[in-house]
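**Student:** Based on what follows, work out the 3D shape:
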Amino acid sequence: MVSPDTLAELSLSQDEYQLIIQKLGRKPNNLELGMFGILWSEHCGYKHSKNLLKTLPNNSENVIIGPGEENAGAVSIGDGLVVVMKIESHNHPSAIEPYEGAATGVGGIIRDIFSMGARPIALLNALFFGPLESSNRNRFLFNGVVSGIGGYGNCIGIPDIGGQVTFAKPYSGNPLVNAMCVGIAREDELVRAKTGGDGNIILLVGADTGRDGIHGATFASVDLTEESEERRTAVQVGNPFLEKILLEACLEITGKGNLIGMQDLGAGGLTSAVIECAASSESGVEIDISLVPPRETGMTPYEIMLSESQERMLIIVTPDQVQEVAEVFQKWELSCVQIGKVVKGDTATIKESGVIVGEMPVSALVNAPVYTISGEEDPAMSSIRDLDFSNILFPQDFNEILIQMLSNGNIASKESVYRQFDHQVGNNTVLAPGSGDAAVLRIKGTTKGIALTVDVNPLACFLDPYVGAAMAVMEGARNLSCVGATPLAITDCLNFGNPERPHIAYQLKQAVLGMGDAARALGLPVISGNVSLYNESSDGPIFPTPTVGMVGVLENVDQSMGAGFQDSGDKIYLIGSSSLNLPIESLGASTYMNVIHNKLGGVPKTDFESEILVQSFVRESIRNKLLSSAHDISEGGLAVAVAESCLIGNVGASIDLLGQNIESVDSSLFGEAPARIIVSVNEKSNPQFEKLAKDKKVPVNFLGLVGGEKLNFGETIELGLADLRTSWDLAN
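**Tutor:** Numbers count the residues shown, from 1 in each chain. Model prediction:
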């Protein structure tokens, strides 16, 4: 019987080990067990989430490649062009080696995109850390991750154009690093990860194979512990300059049409790449690991097949294509070696200098056991949500309150982060970080643009995972709508704790249901994604964090809309409500209650029908050139949204609170009711704007005027722009 320590290292249970014996008809040897461990890990096999993921919507008239079909999803934007996109996690590696963990997370997601024949044009990231002021380690992780993202992305020449950074105590022991990449390709030039027919040749190109990254996928499928520091060898080391060359070489052979299939060596290394390609074509494969160029001497078959060394790709070609393809890689000074061939049947045969060292059915390797999770909500959550507002003493100095809100790490300007990233390389960035609710890129050779965003509110997801996940979808779409883009598709990264715990299973299941319902309501397919479970440490689990990445399209990129107020005299409107008056309960799950009152309670809200109406109206207003700015109201509520529009546009505003029937100043200024957007409209466009709102039956509320060097909310708040900026830029 194999030792429990060996199974634990491979993230396999005793029952799963017995199932492997059953499928093989014998006990596996060390190499075979390692390969099963990789492909049956949570990271590769999705054992606890596959059934849930099947419930997400994944079809629309624009979907070209859906979830699970290839390395990334693809959606049409017209004119024969497709956007290829995916988001993935590199959480555990970043917790151990923050610079290399984040850097190789970026490298891996880039390879997912160009392995499909698409040119990567943008990076985004969603980062989650413990509070910086509470721990030197949190600061170390934060600095290392941000540097790693910039170090890799800047060197490879792909703009990092958007994202979010969130700070909360549950991430102190287990930070999250979610990396998203987007590429553009012609639909008829997309490449698949397949082996094709009998006799095709398997080429390994790029970097040599070392011992770094062994057990990386299984490492990402267990909880972090104090002993995790000992698993630094599970963290890969990246070389962005080599990846840039590899990218260009792979796109060159893609353009020539000289290949059957292509697959990156990411999680699971050679094992995952070879076996998944074979499975997609229902073929067998023969690999001789003695042909794999090693970086280190004395490497065993186990180490070579499980290594996750970076900057490597698998290329499958017909025999008559080998020479031409090899010449392309030789021109780029890249290694290109034949390591095996495609054979009939269902067997993966691994050899070393011609001697068989492993032999397994491909179908058994790729069909990990799937578990139907069932859970129950933590009983304590009911009392947390049932927050009694009647005994909360609300402060009177709202100037000080707004200052505190703007200086909070989750609201303050993230310029200190994004200024480390090159977001203009390629000269396609139209709306850069900090200028709009989503990033916007032009698509060269067309009038089109695409808008990109990543969104999630972990606090809302903690209080109600169904509503929180739905909010992430709605806010992502709202951000795209605010820049004038029509939302097209979703990629998600589901970050949760240990799904074998009932409370975590409940969070995961409810979040997927909420995401699915919101996506269906908006008509948005989920075309790709990643599940990252076991995000726990000795401090406990992370907040449930279902990160939503989203792409939208603008038919005319010149009509993209920023979030900053523009001209003095422009009128400011609230879209989505005819009154500023909000019930006190709208402060539930708000940043205000968390930051000012140190309370996590209350119930978050969402409203699908209002979101659809409001977002459609804003997009139409932008297309008709009626708006000067648009900014959604989310974390921090109305007061923060207006302040941000002032700071982005570097101009003041006066909001008239008279006649707004305000019963609670706190909830009206800082409540986070859904489906609301702040816009500004110039005098010339105002009549048409109000007529369109009336025709569409969209509630709008005139709030005040743009102008001056102060922000006024009647007599309640009066602050100079300089004071606001000092607070907002505190982290910079």
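
**Student:** Quick check, Gly199 in contact with Asp320.
**Tutor:** No. In this structure, Gly199 sits apart from Asp320 without contact. The criterion is Cβ atoms under 8 Å, and the distance is 10.6 Å. Heads up, the C-betas are built off the backbone N, CA and C, glycines and all.

**Student:** dump the residue contacts of Ser532.
**Tutor:** With Cβ atoms under 8 Å, 6 or more residues apart in numbering as the criterion, the residues that contact Ser532 are 43, 89, 91, 176, 220, 493-496.

**Student:** Out of these, give me the two with the largest separation.
**Tutor:** Between any two of the contacts of Ser532, the greatest separation by Cβ to Cβ is 14.4 Å, found for His43 and Leu176.

**Student:** Pick out the least confidently modelled helix or strand of this structure, by mean pLDDT.
**Tutor:** The helix or strand of the chain with the lowest confidence, counting by mean pLDDT, DSSP states H and E, is helix 216-219 at a mean of 48.

**Student:** from the contacts of Ser532, which ones fall inside strands?
**Tutor:** Using DSSP state E, the members of those that fall within strands are 89, 176, 493-495.

**Student:** If you rank these by neighbours, which is first?
**Tutor:** Going through those with other Cβ atoms under 10 Å as the criterion, the one with the most neighbours is Asn495, at 30 neighbours.

**Student:** what about it, distance to Ile38?
**Tutor:** When Cβ to Cβ, to the nearest Å is applied, the distance between Asn495 and Ile38 equals 21 Å.

**Student:** what ranges do the helices span in the stretch 501-650 of the chain?
**Tutor:** Along the stretch 501-650 of the chain, the stretches classed as helices by DSSP state H, counting those that start in this stretch are 502-522, 591-597, 608-623, 637-649.

**Student:** which residue sits closest to Asn495 in space, ignoring its chain neighbours?
**Tutor:** Across the structure, with Cβ to Cβ, 6 or more residues apart in numbering as the measure, the residue nearest Asn495 apart from its sequence neighbours is Thr545 (4.0 Å).

**Student:** tell me, how many neighbours does the one you found end up with?
**Tutor:** The burial metric for Thr545, expressed as a neighbour count using other Cβ under 10 Å, is 33.

**Student:** tell me the contacts of it?
**Tutor:** Contact criterion Cβ under 8 Å, 6+ apart gives 128, 176, 456, 458, 461, 494-496, 535 as the residues in contact with Thr545.

**Student:** hmm, 10 Å instead?
**Tutor:** Residues touching Thr545, when contacts are defined by Cβ atoms under 10 Å, 6 or more residues apart in numbering, comprise 89, 91, 126, 128, 166, 168, 170-171, 176, 178, 456-458, 461-462, 465, 468-469, 472, 493-497, 507, 511, 532, 535.

**Student:** now the contacts of Ser532 in a markdown table, with distance to Glu709 and pLDDT?
**Tutor:** Putting these into a markdown table (distance: Cβ to Cβ, whole Å; pLDDT from 0 to 100) gives the following:
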| residue | distance to Glu709 | pLDDT |
| --- | --- | --- |
| His43 | 52 | 85 |
| Ser89 | 44 | 95 |
| Asn91 | 44 | 94 |
| Leu176 | 39 | 98 |
| Ala220 | 50 | 46 |
| Cys493 | 41 | 97 |
| Leu494 | 45 | 97 |
| Asn495 | 42 | 98 |
| Phe496 | 46 | 97 |
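
**Student:** which one of those sits closest to Thr347?
**Tutor:** Sorting those by how near they are to Thr347, with Cβ to Cβ, puts His43 at the top with 24.7 Å.

**Student:** how far away is the closest one from Ala470?
**Tutor:** Relative to Ala470, and taking Cβ to Cβ, His43 is found at 26 Å.

**Student:** Between these two, which has more neighbouring residues?
**Tutor:** Ala470 (31 against 27).

**Student:** hang on, that one packs against Gly516?
**Tutor:** Yes. Using Cβ atoms under 10 Å, Ala470 is in contact with Gly516, at 8.9 Å.

**Student:** Tell me, how many residues neighbour Leu393?
**Tutor:** When neighbours are counted by other Cβ under 10 Å, Leu393 registers 6.

**Student:** repeat for the one 10 residues further on
**Tutor:** Residues contacting Ile403 under the criterion other Cβ under 10 Å number 19.

**Student:** how about low-confidence regions in this protein?
**Tutor:** Along the chain, the model assigns pLDDT under 70 to residues 1, 215-236, 730-732.

**Student:** Which segments of it make up each domain?
**Tutor:** Dividing the chain into domains by automatic domain parsing, as the record does, gives the ranges 192-365, 561-732.

**Student:** Relative to Gly153, which of those is closest?
**Tutor:** When the domains of the chain are ranked by proximity to Gly153, the top entry is domain 192-365, at 7.7 Å, counting by Cβ to Cβ.

**Student:** Quick one: end-to-end length of the closest one, please.
**Tutor:** Its first and final residues considered, domain 192-365 spans 20 Å by Cα to Cα, to the nearest Å.

**Student:** Now do the strands in the stretch 401-550 of the chain.
**Tutor:** For the stretch 401-550 of the chain, the strands defined by DSSP state E, counting those that start in this stretch occupy 429-431, 439-442, 449-455, 486-495, 526-532, 536-537, 540-541, 545-554.

**Student:** What residues does the residue nearest the centre of the chain make contact with?
**Tutor:** Nearest to the mean C-alpha position of the chain, counting by Cα atoms, centre = their mean, stands Ile87 at 4.1 Å. Taking Cβ under 10 Å, 6+ apart as the contact definition, Ile87 lies against 72, 109, 112, 124-126, 178-182, 454, 490-493, 528-530, 547-550.

**Student:** make it 6 Å
**Tutor:** Contacts here follow Cβ atoms under 6 Å, 6 or more residues apart in numbering; on that basis Ile87 touches 178, 180, 491, 493, 549.

**Student:** repeat for Ala589
**Tutor:** With contacts defined as Cβ under 6 Å, 6+ apart, the neighbours of Ala589 are 460, 463, 602, 604.

**Student:** repeat that for 10 Å
**Tutor:** Residues in contact with Ala589 (Cβ under 10 Å, 6+ apart) are 385, 387, 457, 459-464, 467-468, 471, 599-605, 672.

**Student:** Also Ile373?
**Tutor:** Counting by Cβ under 10 Å, 6+ apart, the residues that Ile373 touches are 47-49, 51-52, 499-502, 504-506, 508-509.
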